[in-house]
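coords below, sequence missing:
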C-alpha cells in the first residue's frame, strides 16, 4: 500500500483484536478509511466491512481492498494489469505537473503514468475493476516517488527509488463482499448501521487533501490548475475540514459521535491532535462508558528527518521522535469496555515480547480503565 502519514499498519493487529473482543462484530464501519489498511485487515477476518472516506483516492483504495471480491475480479484484474503494463509511455498532464514543474517523479515514469491513466479512462471499466487498476497505478508510482511520504514537498536530491522503472502489480485483493462509500463522515455515520464503528479522524492542521494531492489528481484525472512549489491542485486552497481546525474539531467530532448508528465505538486518536485525552473522554462519555489504551510508536519519517529551508539546510530541531496513539473503547456496558481494553493490552504485550530482546524492560503502552 502507499506510504501514508497516520497509517495504522503496525496497529492493525491490535485493532482486529479489539474488534474481536466486542460481543458482536460481524459488521464494521470504518468511517475514515484512508489507505484501507484497517478495513482490509478486518475484511481478512471474514467480517463485512463498510469503508468510507470523502477523498477520491481513499475511496478508490476502499473499492479495491474492501468492495472488490477477489473471487469475482482477480482473473480480470490480472489480465487488465498485464495489458496496461505493455502501454508505451506518452508524456502529458501528469508529467508536466509532477515531473517537469515539480520533481515528485522522473519524467520517464511520469510518461508511463500518463499513458496508463489515459488508457484506464478510455476503457470505461466497471467500478471495482477500475479501482483495482487505479490502485495498481497509484502504488506503482508510490514506489518510484521522491518524497518523505507526503506530497507537501519533494526531496531536494532524488531518492534512489525514483530511478527505478515504474512497474504495475496486481493489488492483494481479498475474497468476499464489502462496501466502499465516498461520503462526508457525518452523512456516512447517519446512513450506515453496523455492530461497531472504527473512527480514526484527522487530528491536526495537516490536510490529507494537501498531503496527498498527487493521488487525488491521479484518481480524479480532472487535470486541475496547480499552484506553489509543491504544485498542489487549486482545490487544496478551498478545502476546509472541521478536523483540521483547532477551533472547529470539537464540534466536528461531536456531530460524528451523535450521528453514528453503531452500538460500540473504537476511536483512534493521536496525542499530537487538537483534542487531548481528557477532552476526548468527555465527548465520548455521552455515548456510554469509556476506556483508554495508549500505544507508543515512532513518528512518521518526515518528522524524524526534521525541517529544512528552501536551500536544503536543516532549521530548528526535532522536539520528539515518538508519539502515543490512543484507543478509546466505548460501549453501553462497562464489562464490555473492560474486556476490549484487556484484549488490546494483551495484544500490545504479545507484540512487545515478540519484538525485543528478552532482558529489555517493558515499555511502550499504558492503559486507563476509568469509565465516564
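Yes, it's here. Not measured: the values here are computed from a predicted model.

can you count the residues close to residue 139?
Residue 139 has 17 neighbours, counted by other Cβ atoms under 10 Å. The C-beta positions use only the backbone N, C-alpha and C, and glycine is treated the same way.

helix or strand for it, which one?
Using DSSP states H and E, residue 139 sits in helix 127-142.

what packs against that helix?
helix 56-62, helix 70-84, helix 107-123, helix 213-220 (3 or more Cβ pairs under 8 Å, 6 or more residues apart in numbering; DSSP states H and E).

run the angle between that helix and helix 107-123 for me.
Taking axes from the mean of the first three to the mean of the last three Cα atoms, to 10 degrees, helix 127-142 and helix 107-123 form an angle of 180 degrees between their directions.

what average pLDDT does helix 127-142 get?
Here helix 127-142 scores 98 as its mean pLDDT.

give me the contact list for that helix.
1-3, 57, 60-61, 63-65, 67-69, 72-73, 76-77, 80-81, 84, 105, 109, 113, 116-117, 120, 125, 166-171, 173, 180, 214-215, 218-219 (Cβ atoms under 8 Å, 6 or more residues apart in numbering).

let's see it at 6 Å
Applying Cβ atoms under 6 Å, 6 or more residues apart in numbering, the external contacts of helix 127-142 come out as 2, 60-61, 63-64, 68, 73, 76-77, 80-81, 113, 116, 120, 166-168, 171, 215, 219.

run a quick neighbour tally on residue 354.
Neighbour count of residue 354, defined by other Cβ under 10 Å: 7.

again with residue 185
Residue 185 has 24 neighbouring residues, counting by other Cβ under 10 Å.

per-residue pLDDT, it?
pLDDT, residue 185: 96.

related to what we said a few turns ago, just want the angle from the helix holding residue 139 to helix 70-84.
Relative orientation of helix 127-142 versus helix 70-84 (the same axes, to 10 degrees): 50 degrees.

mind giving me the domain split of this protein?
Under automatic domain parsing, the residue ranges defining each domain of the chain are 1-69+175-202+242-372, 70-173+205-240.

worst average pLDDT in those?
Of all these, the minimum mean pLDDT falls on domain 1-69+175-202+242-372 (a mean of 86).

what is the top helix by length along the chain packed up against?
Secondary structure of the chain read by DSSP state H shows that its longest helix is helix 334-355. For helix 334-355, the elements it packs on are helix 12-21, strand 289-298, strand 322-331, strand 365-368, judged by 3 or more Cβ pairs under 6 Å, 6 or more residues apart in numbering; DSSP states H and E.

out of those, which gets nearest to residue 270?
Nearest to residue 270, of all those, is strand 322-331, at 5.8 Å by Cβ to Cβ.

that closest one vs helix 12-21, what angle?
Using the same axes, to 10 degrees: strand 322-331 against helix 12-21 is 10 degrees.

partner strands of strand 322-331, parallel or antiparallel?
Under the criterion DSSP bridges, strand 322-331 sits next to strand 261-270 (antiparallel), strand 289-298 (antiparallel) in its sheet.

of the ones you listed, which is nearest residue 253?
For residue 253, the closest of the strands paired with strand 322-331 is strand 261-270, at 8.8 Å, according to Cβ to Cβ.

who touches that closest one?
Contact with strand 261-270 is made by 18, 22, 193-194, 196-200, 203, 280, 323, 325-328, 330-331, as judged by Cβ under 6 Å, 6+ apart.

ok so, going back, mean neighbour count, the helices and strands packed on helix 334-355: which tops it?
Of the helices and strands packed on helix 334-355, the one with the most neighbours on average (mean count of other Cβ atoms under 10 Å) is strand 322-331, at a mean of 22.

which positions in the helix holding residue 139 come out as buried?
By neighbour count with 16 or more other Cβ atoms under 10 Å, helix 127-142 contains the buried residues 128-142.

and if you look at stretch 105-122?
For stretch 105-122, the neighbour count (16+ other Cβ under 10 Å) marks 105-106, 108-120 as buried.

again with stretch 246-253
By 16+ other Cβ under 10 Å, the buried positions in stretch 246-253 come out as 249, 250, 252, 253.

mind putting the residues you listed in a markdown table, distance to residue 231 and secondary structure included?
Shown next, in a markdown table, are the buried residues of stretch 246-253 (distance: Cβ to Cβ, whole Å; DSSP: H, G, I helix; E, B strand; the rest coil):
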| residue | distance to residue 231 | secondary structure |
| --- | --- | --- |
| 249 | 28 | helix |
| 250 | 34 | helix |
| 252 | 29 | helix |
| 253 | 32 | helix |
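
just the residues you listed now: which is nearest residue 224?
The shortest gap between residue 224 and any of the buried residues of stretch 246-253 belongs to residue 252, at 25.9 Å (Cβ to Cβ).

just say helix, strand or coil for residue 256.
Of the three states, residue 256 takes helix according to DSSP: H, G, I helix; E, B strand; the rest coil.

heads up, I number from 12, so please use that
Right, with 12 as the first residue, what we last looked at is residue 267.

for it, what are its contacts?
By Cβ under 6 Å, 6+ apart, the neighbours of residue 267 are 196, 197, 200.

how far away is the last one from residue 87?
Counting by Cβ to Cβ, to the nearest Å, the separation of residue 200 from residue 87 is 33 Å.

same check on the second one?
Counting by Cβ to Cβ, the gap between residue 197 and residue 87 amounts to 36 Å.

same check, this time on the first one
The span separating residue 196 from residue 87 equals 32 Å under the rule Cβ to Cβ.

just residue 94 next, same as before
As judged by Cβ to Cβ, residue 94 and residue 87 stand 11 Å apart.

neighbours around residue 354, how many?
20.

without its sequence neighbours, what residue ends up closest to it?
Distance criterion Cβ to Cβ, 6 or more residues apart in numbering; nearest residue to residue 354, sequence neighbours excluded, is residue 32 at 3.7 Å.
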